[in-house]
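Asks: Output the structure for:
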Amino acid sequence: MKALQGVEGRVEWADQPTPACDVGEIRIRVAAAGLNRADLLQCAGLYPPPPGASEVLGLECAGIVSEVGAGCDWKVGDRVCALLSGGGMAEEVVIDARHALPVPEGVLLHEAAALPEVYATAWLNLFQLAGLKPGEKVLLHAGASGVGSAAIQLCKAFGNPCWVSVGSAERLSYCEALGAQGGVLRGGDELHSLRDFGPFDVILDPVGGDYAALNLELLARDGRWLNIGLMGGRKAELDLALLLGKRIQLIGSTLRNRDDQFKADLMHDLLQHLWPLFAEGRLKPQLARSFAIEDAQEAFTALASNQINGKLVLLVDDSLS
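Replies: Got it, this is the predicted structure:
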């Protein structure tokens, strides 16, 4: 089979061994794969896959089940999307059958490739780890990103007013159209204008670095700060007296290196709590653009520009859509 790998900072669509399908696994003929910032980092040599995971890029995909291992409830021909530790940007991928979900009603197959990673991340952090309750206020840094776009919709669906920080007025308008109450542009002193909307009960932060001190200031008593990325750097100076005085919970969170059972439970939660909302039209894929797999390098460059609202998808097999 052919698959996409990062080679010296660039991507290469090349022949790779076809994986075997074992007990409890399914083989998916891939129609499309979602592109995430983790793929950029892996391609640059900064984010190796967990031990035992595929070296092939791609943390989510959608396609058609083509083989079913013993002990699985799926059938050949089922339309699925899947959360992966790697391997999605390939003609085929073999996964733990529990990490796949049916394509939501009303969602096209290539659109479904943009769902598993961002909705799993948003649900895990906001509702499982932070225990977000109806009415609590949320701040989403990088609100126009794939995770931010999913998180805004979840906040709206579950009764949580949310605000965002973004890079441009156009991106702020995009977030407001999805359901954000408002927000600010990053840069200079504009971030400090978030004080006008706070204090916040939960902050979802993929930036870290120099946002850290501001997060402490903006959080309410008993606030929860979920750090899910380091786009702004890995080091920060914190006023721990403020952390203690407000009883703030600082939670470092990743998804890719969670164990198989954790991911299976998480996907079950998505099926139960979120998938019906797609059928109702309350949640929608936020697909900015699709690229042919042969144009993968262009897609990676586009994502690295930080100008994309929502998600990018690589089309592996157009005939399946």
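Asks: residues contacting Leu129?
Replies: Arg224, Leu226, Ile251, Ser253 (CB atoms under 8 Å, 6 or more residues apart in numbering). Yep, even glycine has a C-beta here, placed from its N, CA and C like the rest.
Asks: Could I get the average pLDDT for stretch 74-89?
Replies: Average pLDDT, stretch 74-89: 98.
Asks: Check the burial of the residue nearest to Phe278 when sequence neighbours are not counted by counting its neighbours.
Replies: The shortest distance from Phe278 to any non-neighbouring residue, by CB to CB, 6 or more residues apart in numbering, is to Pro104 (3.5 Å). Residue crowding around Pro104 was assessed by other CB atoms under 10 Å; the count is 22.
Asks: quick one: Pro104 is in a strand?
Replies: No: applying DSSP: H, G, I helix; E, B strand; the rest coil, one finds Pro104 to be coil, outside a strand.
Asks: shift numbering so it begins at 111
Replies: Understood, numbering begins at 111; the last thing we discussed is Pro214.
Asks: What pLDDT does the model give it?
Replies: Predicted confidence (pLDDT) for Pro214: 96.
Asks: What of Pro309?
Replies: On the pLDDT scale, Pro309 gets 97.
Asks: what does Gly298 give?
Replies: 66.
Asks: Is there a quick ChimeraX command that grabs whichever of the contacts of Leu239 are buried?
Replies: Selecting the buried subset of those in ChimeraX, with 16 or more other CB atoms under 10 Å as the burial test, is done by:
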select :334,336,363
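Asks: Tell me which entries of the contacts of Leu239 lie within helices.
Replies: Nothing among those maps onto helices, per DSSP state H.
Asks: Quick check: the residue nearest to Phe388 touching Ala222?
Replies: Yes: using CB atoms under 8 Å, Pro214 is in contact with Ala222, at 6.8 Å.
Asks: how many other residues sit next to the closest residue to Ile136 other than its chain neighbours?
Replies: Using CB to CB, 6+ apart and skipping residues adjacent in sequence, the residue nearest Ile136 is Ala207, 4.7 Å away. Neighbours of Ala207 under the rule other CB under 10 Å: 21.
Asks: Many thanks, we can stop here.
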